[in-house]
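Engineer: Give me a model of this one.
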Amino acid sequence: MSYQEKKNIVSLISTLLIFSLYSMYVFQMYQEGSFHATDMFKFWGSFILILIAVSVVAKIIIHIIFNIIYRITTNEKEPSFSDELDKLIHFKATTMSHYVFVVGFLLAMGSLVIDVPTYVMFIILIFSGVVSDVVGMITEIYLYRRGV
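Structural biologist: Residues are numbered from 1 along each chain as shown. Presented below is the predicted three-dimensional model:
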């Protein structure tokens, strides 16, 4: 298994784990009454912004730990360059990820049109972001395995 495949698998697992743990934490705080129903936009805005910050910091830490473990176990450095194949695979995965997010965004905006509660729009938007990230990583893993 190549370095890129291992890196994407670690990123995929960490993304799902970070999102799950953070969502459970916020849901537990919500159940305890730490958030007020009158501040719905503030709640969802803070949920999204804190999720982004937590994800970025956690992914940086996980990436550093992955590189240290990878170097110790294989005695190889992280590849310092990316060839045309790497760039093409990343481009195709990013394109697929953007398509998924756009569909999710349109569904979120459509939920506003059909008069469902506003929180549904935020949930669809958050899930489309996470699903698009997961689809991008799975696409990269698939393309590294199968080829372009």
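Engineer: could you point out which element follows the top helix by length along the chain?
Structural biologist: Longest helix in the chain, counting residues (DSSP state H): helix 40-74. Beyond helix 40-74 in the direction of the C-terminus, DSSP states H and E gives the next helix or strand as helix 84-113.
Engineer: name the helices or strands packed onto the longest helix of the chain?
Structural biologist: Here helix 40-74 touches helix 3-31, helix 118-146, going by 3 or more Cβ pairs under 8 Å, 6 or more residues apart in numbering; DSSP states H and E. Bear in mind the C-beta positions are built from the backbone N, C-alpha and C, glycine included.
Engineer: who touches residue 135 in this structure?
Structural biologist: 96, 97, 100 (Cβ atoms under 8 Å, 6 or more residues apart in numbering).
Engineer: Tabulate the helices and strands packed on helix 40-74 (TSV), appending distance to residue 76 and mean pLDDT.
Structural biologist: Formatted as TSV, these follow (distance: least, Cβ to Cβ, whole Å; pLDDT from 0 to 100):
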stretch	distance to residue 76	mean pLDDT
helix 3-31	7	89
helix 118-146	17	93
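Engineer: Distance to residue 66 added to the ones you listed, as CSV?
Structural biologist: Shown next, in CSV, are these (distance: least, Cβ to Cβ, whole Å):
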stretch, distance to residue 66
helix 3-31, 5
helix 118-146, 14
